[in-house]
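> give me a 3D structure for the following:
(chains A and B)
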Amino acid sequence: MHRLTGAVAWVYDFLAEDPVVLLGTLAALVVAVLAVHAARSAAGVILFAAVVLVIAASLWRTVLSRKA
Amino acid sequence: MSPSAIFVAVSAALASGVEFVEALTIVLAVGFTRSWRDAFEGTGAAAVALAVMVAVIGLGLLHLVSIDVLRTVIGALLLVFGLKWLRKAILRYTGLKALHDEEKAFREEQERLRQAGTKPGRDWFGVSTAFNGVFLEGLEVVFIVIGLGAAGKQMGAATIGAVIAAVIVIAAGIALHQPLKAVPENTMKFVVGIMLTSFGTLWLGEGLGVQWWHQDFFIPILIVGYLAASAILIWWLKPVVQRSPA
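Here you go, the predicted structure:
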(Lines give C-alpha, C1' and ligand atoms only; values in the text may rest on other atoms or scores of the structure.)
Protein backbone atom coordinates (compact mmCIF):
# COMPACT_ATOMS: atom_id res chain seq x y z
CA MET A 1 0.00 0.00 0.00
CA HIS A 2 2.83 2.36 0.97
CA ARG A 3 4.59 1.60 -2.34
CA LEU A 4 1.39 2.18 -4.32
CA THR A 5 0.85 5.55 -2.64
CA GLY A 6 4.48 6.42 -3.34
CA ALA A 7 4.12 5.46 -7.01
CA VAL A 8 0.94 7.54 -7.41
CA ALA A 9 2.63 10.51 -5.70
CA TRP A 10 5.63 10.16 -8.04
CA VAL A 11 3.43 10.10 -11.16
CA TYR A 12 1.50 13.14 -9.84
CA ASP A 13 4.74 15.07 -9.22
CA PHE A 14 6.16 14.01 -12.58
CA LEU A 15 3.05 15.10 -14.48
CA ALA A 16 1.46 18.03 -12.72
CA GLU A 17 2.86 19.07 -9.30
CA ASP A 18 -0.30 21.12 -8.77
CA PRO A 19 -3.89 19.93 -8.14
CA VAL A 20 -5.42 22.90 -9.99
CA VAL A 21 -3.42 22.01 -13.14
CA LEU A 22 -4.47 18.36 -12.96
CA LEU A 23 -8.15 18.85 -12.08
CA GLY A 24 -8.40 21.95 -14.26
CA THR A 25 -7.15 20.03 -17.30
CA LEU A 26 -9.76 17.35 -16.61
CA ALA A 27 -12.43 20.06 -16.42
CA ALA A 28 -11.14 21.61 -19.68
CA LEU A 29 -11.40 18.19 -21.31
CA VAL A 30 -15.04 17.83 -20.21
CA VAL A 31 -15.80 21.36 -21.41
CA ALA A 32 -14.20 20.56 -24.79
CA VAL A 33 -16.28 17.38 -25.15
CA LEU A 34 -19.48 19.35 -24.44
CA ALA A 35 -18.37 22.15 -26.80
CA VAL A 36 -17.73 19.70 -29.65
CA HIS A 37 -21.36 18.52 -29.36
CA ALA A 38 -22.92 21.94 -28.74
CA ALA A 39 -20.88 24.31 -30.93
CA ARG A 40 -18.31 22.47 -33.00
CA SER A 41 -17.00 25.52 -34.84
CA ALA A 42 -16.22 27.29 -31.55
CA ALA A 43 -14.95 24.21 -29.67
CA GLY A 44 -11.28 25.01 -30.34
CA VAL A 45 -11.55 28.54 -28.98
CA ILE A 46 -13.48 27.25 -25.94
CA LEU A 47 -10.75 24.65 -25.25
CA PHE A 48 -8.03 27.32 -25.55
CA ALA A 49 -9.93 29.66 -23.19
CA ALA A 50 -10.45 26.82 -20.68
CA VAL A 51 -6.71 26.06 -20.67
CA VAL A 52 -5.83 29.75 -20.11
CA LEU A 53 -8.31 29.79 -17.19
CA VAL A 54 -6.62 26.70 -15.71
CA ILE A 55 -3.16 28.29 -15.72
CA ALA A 56 -4.57 31.59 -14.37
CA ALA A 57 -6.41 29.77 -11.56
CA SER A 58 -3.33 27.76 -10.65
CA LEU A 59 -1.13 30.88 -10.51
CA TRP A 60 -3.74 32.82 -8.52
CA ARG A 61 -3.99 30.00 -6.00
CA THR A 62 -0.21 30.12 -5.53
CA VAL A 63 -0.34 33.90 -4.95
CA LEU A 64 -3.16 33.47 -2.40
CA SER A 65 -1.31 30.72 -0.54
CA ARG A 66 1.75 32.99 -0.35
CA LYS A 67 -0.38 35.84 1.04
CA ALA A 68 -1.90 33.50 3.63
CA MET B 1 10.66 18.93 -43.38
CA SER B 2 7.06 20.06 -42.75
CA PRO B 3 6.35 23.06 -40.43
CA SER B 4 4.89 20.77 -37.75
CA ALA B 5 8.00 18.53 -37.92
CA ILE B 6 10.18 21.62 -37.37
CA PHE B 7 8.07 22.69 -34.36
CA VAL B 8 8.29 19.14 -32.96
CA ALA B 9 12.09 19.00 -33.46
CA VAL B 10 12.63 22.45 -31.89
CA SER B 11 10.35 21.62 -28.91
CA ALA B 12 12.11 18.30 -28.33
CA ALA B 13 15.55 19.94 -28.62
CA LEU B 14 14.74 22.73 -26.15
CA ALA B 15 13.07 20.41 -23.63
CA SER B 16 15.88 17.88 -23.89
CA GLY B 17 18.51 20.61 -23.67
CA VAL B 18 17.16 21.84 -20.33
CA GLU B 19 17.06 18.33 -18.87
CA PHE B 20 20.51 17.43 -20.25
CA VAL B 21 22.01 20.56 -18.66
CA GLU B 22 20.64 19.44 -15.27
CA ALA B 23 21.88 15.87 -15.83
CA LEU B 24 25.33 17.19 -16.86
CA THR B 25 25.62 19.00 -13.50
CA ILE B 26 25.15 15.69 -11.65
CA VAL B 27 27.55 13.81 -13.95
CA LEU B 28 30.23 16.49 -13.51
CA ALA B 29 29.76 16.41 -9.72
CA VAL B 30 30.27 12.62 -9.74
CA GLY B 31 33.28 12.93 -12.06
CA PHE B 32 35.05 15.60 -9.99
CA THR B 33 34.15 14.15 -6.57
CA ARG B 34 34.26 10.35 -7.05
CA SER B 35 35.76 9.28 -10.40
CA TRP B 36 35.18 9.84 -14.11
CA ARG B 37 34.84 6.10 -14.62
CA ASP B 38 31.82 6.04 -12.26
CA ALA B 39 30.34 9.07 -14.00
CA PHE B 40 30.68 7.57 -17.49
CA GLU B 41 29.45 4.10 -16.48
CA GLY B 42 26.34 5.49 -14.76
CA THR B 43 25.65 7.85 -17.67
CA GLY B 44 26.15 5.13 -20.28
CA ALA B 45 23.83 2.67 -18.50
CA ALA B 46 21.12 5.33 -18.12
CA ALA B 47 21.45 6.38 -21.78
CA VAL B 48 21.01 2.77 -22.94
CA ALA B 49 17.96 2.28 -20.66
CA LEU B 50 16.36 5.51 -21.96
CA ALA B 51 17.07 4.66 -25.62
CA VAL B 52 15.44 1.23 -25.16
CA MET B 53 12.40 2.90 -23.56
CA VAL B 54 12.02 5.31 -26.50
CA ALA B 55 12.36 2.50 -29.04
CA VAL B 56 10.03 0.00 -27.33
CA ILE B 57 7.32 2.34 -26.01
CA GLY B 58 7.47 4.79 -28.94
CA LEU B 59 7.34 2.22 -31.72
CA GLY B 60 4.87 0.08 -29.74
CA LEU B 61 2.47 3.00 -29.36
CA LEU B 62 2.74 3.88 -33.05
CA HIS B 63 1.96 0.33 -34.18
CA LEU B 64 -0.56 -0.84 -31.58
CA VAL B 65 -2.71 2.19 -30.73
CA SER B 66 -4.96 4.06 -33.14
CA ILE B 67 -3.94 7.64 -33.88
CA ASP B 68 -7.22 9.12 -32.52
CA VAL B 69 -6.83 7.41 -29.14
CA LEU B 70 -3.12 8.27 -29.12
CA ARG B 71 -3.77 11.96 -29.80
CA THR B 72 -6.48 12.23 -27.12
CA VAL B 73 -4.47 10.51 -24.38
CA ILE B 74 -1.06 11.95 -25.27
CA GLY B 75 -2.63 15.36 -25.97
CA ALA B 76 -4.12 15.42 -22.44
CA LEU B 77 -0.83 14.26 -20.88
CA LEU B 78 1.24 16.77 -22.87
CA LEU B 79 -1.20 19.50 -21.89
CA VAL B 80 -0.84 18.74 -18.16
CA PHE B 81 2.93 18.39 -18.51
CA GLY B 82 3.23 21.60 -20.57
CA LEU B 83 1.11 23.53 -18.05
CA LYS B 84 3.43 22.33 -15.26
CA TRP B 85 6.48 23.74 -17.09
CA LEU B 86 4.67 26.95 -18.07
CA ARG B 87 3.34 27.51 -14.53
CA LYS B 88 6.80 27.08 -12.99
CA ALA B 89 8.42 29.40 -15.55
CA ILE B 90 5.79 32.10 -14.94
CA LEU B 91 6.21 31.71 -11.15
CA ARG B 92 9.97 32.27 -11.63
CA TYR B 93 9.40 35.33 -13.85
CA THR B 94 7.08 36.88 -11.27
CA GLY B 95 9.44 36.15 -8.37
CA LEU B 96 7.16 33.60 -6.68
CA LYS B 97 9.75 30.86 -7.21
CA ALA B 98 13.54 31.07 -7.08
CA LEU B 99 15.46 30.70 -10.36
CA HIS B 100 17.26 27.38 -10.80
CA ASP B 101 20.95 27.87 -9.99
CA GLU B 102 23.14 25.27 -11.73
CA GLU B 103 26.26 26.34 -9.83
CA LYS B 104 24.46 25.90 -6.47
CA ALA B 105 23.06 22.52 -7.53
CA PHE B 106 26.59 21.44 -8.52
CA ARG B 107 28.07 22.46 -5.13
CA GLU B 108 25.24 20.74 -3.21
CA GLU B 109 25.65 17.54 -5.22
CA GLN B 110 29.42 17.55 -4.64
CA GLU B 111 28.89 18.04 -0.89
CA ARG B 112 26.42 15.15 -0.79
CA LEU B 113 28.86 12.90 -2.67
CA ARG B 114 31.76 13.84 -0.34
CA GLN B 115 29.70 13.20 2.80
CA ALA B 116 28.82 9.70 1.59
CA GLY B 117 32.49 8.70 2.04
CA THR B 118 34.17 5.83 0.21
CA LYS B 119 34.25 2.08 0.74
CA PRO B 120 36.98 -0.33 -0.33
CA GLY B 121 36.40 -2.00 -3.70
CA ARG B 122 34.07 -0.83 -6.49
CA ASP B 123 32.41 2.55 -5.78
CA TRP B 124 28.79 1.88 -6.71
CA PHE B 125 27.58 5.08 -5.02
CA GLY B 126 29.14 7.24 -7.73
CA VAL B 127 27.81 5.00 -10.52
CA SER B 128 24.28 4.92 -9.07
CA THR B 129 24.26 8.71 -8.52
CA ALA B 130 25.22 9.34 -12.16
CA PHE B 131 22.71 6.70 -13.32
CA ASN B 132 19.85 8.11 -11.23
CA GLY B 133 20.60 11.69 -12.26
CA VAL B 134 20.71 10.95 -15.98
CA PHE B 135 17.82 8.47 -15.87
CA LEU B 136 15.43 10.70 -13.91
CA GLU B 137 16.19 13.82 -15.96
CA GLY B 138 16.07 11.65 -19.09
CA LEU B 139 12.61 10.29 -18.23
CA GLU B 140 11.14 13.73 -18.91
CA VAL B 141 12.99 13.77 -22.25
CA VAL B 142 11.61 10.31 -23.08
CA PHE B 143 8.08 11.44 -22.17
CA ILE B 144 8.36 14.53 -24.38
CA VAL B 145 10.03 12.74 -27.31
CA ILE B 146 7.47 9.91 -27.25
CA GLY B 147 4.57 12.33 -26.70
CA LEU B 148 5.52 14.71 -29.49
CA GLY B 149 6.76 11.93 -31.77
CA ALA B 150 3.89 9.49 -31.42
CA ALA B 151 0.91 11.87 -31.39
CA GLY B 152 2.32 13.97 -34.22
CA LYS B 153 3.64 10.94 -36.13
CA GLN B 154 6.98 12.75 -36.06
CA MET B 155 9.11 10.30 -34.06
CA GLY B 156 12.11 10.97 -36.33
CA ALA B 157 11.93 14.76 -35.90
CA ALA B 158 11.48 14.48 -32.11
CA THR B 159 14.43 12.06 -31.81
CA ILE B 160 16.66 14.24 -34.01
CA GLY B 161 15.83 17.27 -31.84
CA ALA B 162 16.73 15.39 -28.64
CA VAL B 163 19.96 13.97 -30.13
CA ILE B 164 21.10 17.43 -31.36
CA ALA B 165 20.48 18.83 -27.84
CA ALA B 166 22.43 15.95 -26.29
CA VAL B 167 25.40 16.50 -28.63
CA ILE B 168 25.48 20.26 -27.92
CA VAL B 169 25.26 19.84 -24.12
CA ILE B 170 27.87 17.03 -24.03
CA ALA B 171 30.24 19.05 -26.28
CA ALA B 172 29.80 22.12 -24.06
CA GLY B 173 30.38 20.00 -20.94
CA ILE B 174 33.60 18.53 -22.38
CA ALA B 175 34.83 21.94 -23.53
CA LEU B 176 34.02 23.88 -20.35
CA HIS B 177 34.43 21.20 -17.65
CA GLN B 178 31.87 22.95 -15.45
CA PRO B 179 28.06 23.23 -15.08
CA LEU B 180 26.40 25.25 -17.85
CA LYS B 181 25.28 28.10 -15.59
CA ALA B 182 24.99 30.65 -18.43
CA VAL B 183 22.19 28.71 -20.16
CA PRO B 184 18.93 30.72 -19.93
CA GLU B 185 17.08 27.77 -18.35
CA ASN B 186 13.91 29.61 -17.33
CA THR B 187 13.44 31.13 -20.79
CA MET B 188 13.94 27.68 -22.34
CA LYS B 189 11.47 26.14 -19.87
CA PHE B 190 8.97 28.90 -20.64
CA VAL B 191 9.27 28.27 -24.41
CA VAL B 192 8.99 24.49 -23.90
CA GLY B 193 5.94 25.02 -21.66
CA ILE B 194 4.29 27.11 -24.40
CA MET B 195 5.14 24.54 -27.10
CA LEU B 196 3.95 21.50 -25.09
CA THR B 197 0.75 23.28 -24.03
CA SER B 198 0.08 24.23 -27.67
CA PHE B 199 0.71 20.70 -29.01
CA GLY B 200 -1.31 19.22 -26.13
CA THR B 201 -4.26 21.52 -26.88
CA LEU B 202 -4.11 20.81 -30.63
CA TRP B 203 -3.96 17.02 -30.30
CA LEU B 204 -6.41 16.74 -27.41
CA GLY B 205 -8.83 18.87 -29.43
CA GLU B 206 -8.30 16.77 -32.56
CA GLY B 207 -8.83 13.57 -30.59
CA LEU B 208 -12.10 14.93 -29.18
CA GLY B 209 -13.37 16.04 -32.60
CA VAL B 210 -12.42 19.73 -32.67
CA GLN B 211 -11.92 20.96 -36.23
CA TRP B 212 -8.95 23.32 -36.13
CA TRP B 213 -8.64 25.93 -38.83
CA HIS B 214 -6.04 24.55 -41.33
CA GLN B 215 -5.36 21.64 -38.90
CA ASP B 216 -1.62 21.38 -38.00
CA PHE B 217 -1.00 24.90 -39.30
CA PHE B 218 -3.03 26.12 -36.31
CA ILE B 219 -0.01 25.37 -34.05
CA PRO B 220 1.65 28.81 -34.58
CA ILE B 221 -1.67 30.50 -33.72
CA LEU B 222 -1.95 28.51 -30.48
CA ILE B 223 1.69 29.33 -29.64
CA VAL B 224 1.08 33.07 -30.15
CA GLY B 225 -2.16 32.81 -28.15
CA TYR B 226 -0.48 31.14 -25.17
CA LEU B 227 2.48 33.56 -25.38
CA ALA B 228 0.08 36.51 -25.22
CA ALA B 229 -1.93 34.96 -22.36
CA SER B 230 1.29 34.23 -20.42
CA ALA B 231 2.58 37.77 -20.94
CA ILE B 232 -0.72 39.14 -19.60
CA LEU B 233 -0.58 36.79 -16.59
CA ILE B 234 3.03 37.86 -15.79
CA TRP B 235 2.07 41.54 -16.19
CA TRP B 236 -0.95 40.98 -13.90
CA LEU B 237 0.85 38.97 -11.20
CA LYS B 238 4.19 40.83 -10.90
CA PRO B 239 2.78 43.89 -9.07
CA VAL B 240 0.56 41.65 -6.89
CA VAL B 241 3.59 39.60 -5.84
CA GLN B 242 5.72 42.71 -5.20
CA ARG B 243 2.99 44.24 -3.00
CA SER B 244 2.47 41.09 -0.92
CA PRO B 245 4.81 40.34 2.03
CA ALA B 246 7.53 37.73 1.38
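> the helices in the chain, which residues?
Since no chain was named, I'll use chain A. A:2-15, A:19-38, A:43-67 (DSSP state H).
> wrong one, I was asking about chain B
B:3-33, B:36-53, B:59-64, B:67-94, B:102-115, B:124-151, B:155-176, B:185-208, B:219-243.
> JSON lines for the ones you listed, including mean neighbour count, distance to residue A:25 and mean pLDDT?
The C-beta positions use only the backbone N, C-alpha and C, and glycine is treated the same way. As requested, the helices of chain B are exported to JSON lines (neighbours: other C-beta atoms under 10 Å in any protein chain shown; distance: least, C-beta to C-beta, whole Å; pLDDT from 0 to 100):
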{"stretch": "helix B:3-33", "mean neighbour count": "23", "distance to residue A:25": "19", "mean pLDDT": "89"}
{"stretch": "helix B:36-53", "mean neighbour count": "17", "distance to residue A:25": "24", "mean pLDDT": "91"}
{"stretch": "helix B:59-64", "mean neighbour count": "13", "distance to residue A:25": "21", "mean pLDDT": "78"}
{"stretch": "helix B:67-94", "mean neighbour count": "22", "distance to residue A:25": "5", "mean pLDDT": "91"}
{"stretch": "helix B:102-115", "mean neighbour count": "15", "distance to residue A:25": "29", "mean pLDDT": "83"}
{"stretch": "helix B:124-151", "mean neighbour count": "23", "distance to residue A:25": "14", "mean pLDDT": "88"}
{"stretch": "helix B:155-176", "mean neighbour count": "18", "distance to residue A:25": "22", "mean pLDDT": "90"}
{"stretch": "helix B:185-208", "mean neighbour count": "24", "distance to residue A:25": "9", "mean pLDDT": "91"}
{"stretch": "helix B:219-243", "mean neighbour count": "16", "distance to residue A:25": "14", "mean pLDDT": "90"}
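> just send those back as CSV, with distance to residue A:13 too.
Converted to CSV, the helices of chain B look like this (distance: least, C-beta to C-beta, whole Å):
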stretch, distance to residue A:13
helix B:3-33, 15
helix B:36-53, 19
helix B:59-64, 23
helix B:67-94, 9
helix B:102-115, 18
helix B:124-151, 11
helix B:155-176, 22
helix B:185-208, 16
helix B:219-243, 23
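> okay, these in CSV with distance to chain A next?
Listed next are the helices of chain B as CSV, based on distance: least, C-beta to the nearest C-beta, whole Å:
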stretch, distance to chain A
helix B:3-33, 12
helix B:36-53, 14
helix B:59-64, 17
helix B:67-94, 5
helix B:102-115, 18
helix B:124-151, 7
helix B:155-176, 18
helix B:185-208, 5
helix B:219-243, 5
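> lowest-confidence helix or strand of chain A?
Least confident helix or strand, chain A: helix A:2-15 with a mean of 82, by mean pLDDT, DSSP states H and E.
> off-centre distance for that helix?
Its chain's C-alpha centre and that of helix A:2-15 lie 18 Å apart, by C-alpha atoms, centre = their mean, to the nearest Å.
> which among the helices of chain B is found nearest to residue A:49?
helix B:219-243 (9.3 Å; C-beta to C-beta).
> what helices or strands is the closest one leaning on?
Contacts defined by 3 or more C-beta pairs under 8 Å, 6 or more residues apart in numbering or on different chains; DSSP states H and E place helix B:219-243 against helix A:43-67, helix B:3-33, helix B:67-94, helix B:185-208.
> what's the closest of the ones you listed to residue B:161?
helix B:3-33 (3.3 Å).
> what packs against the closest one?
Using 3+ C-beta pairs under 8 Å, 6+ apart, helix B:3-33 sits against helix B:36-53, helix B:102-115, helix B:124-151, helix B:155-176, helix B:185-208, helix B:219-243.
> would JSON lines of those with distance to residue B:69 be doable?
Converted to JSON lines, these look like this (distance: least, C-beta to C-beta, whole Å):
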{"stretch": "helix B:36-53", "distance to residue B:69": "20"}
{"stretch": "helix B:102-115", "distance to residue B:69": "39"}
{"stretch": "helix B:124-151", "distance to residue B:69": "10"}
{"stretch": "helix B:155-176", "distance to residue B:69": "17"}
{"stretch": "helix B:185-208", "distance to residue B:69": "7"}
{"stretch": "helix B:219-243", "distance to residue B:69": "21"}
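> those residues of chain A touching chain B, which are they?
A:14-18, A:21-22, A:25, A:28-29, A:32-33, A:35-36, A:40-41, A:43-44, A:47-48, A:51-52, A:54-56, A:58-59, A:62-63, A:66-67 (C-beta under 8 Å from any C-beta of the partner chain).
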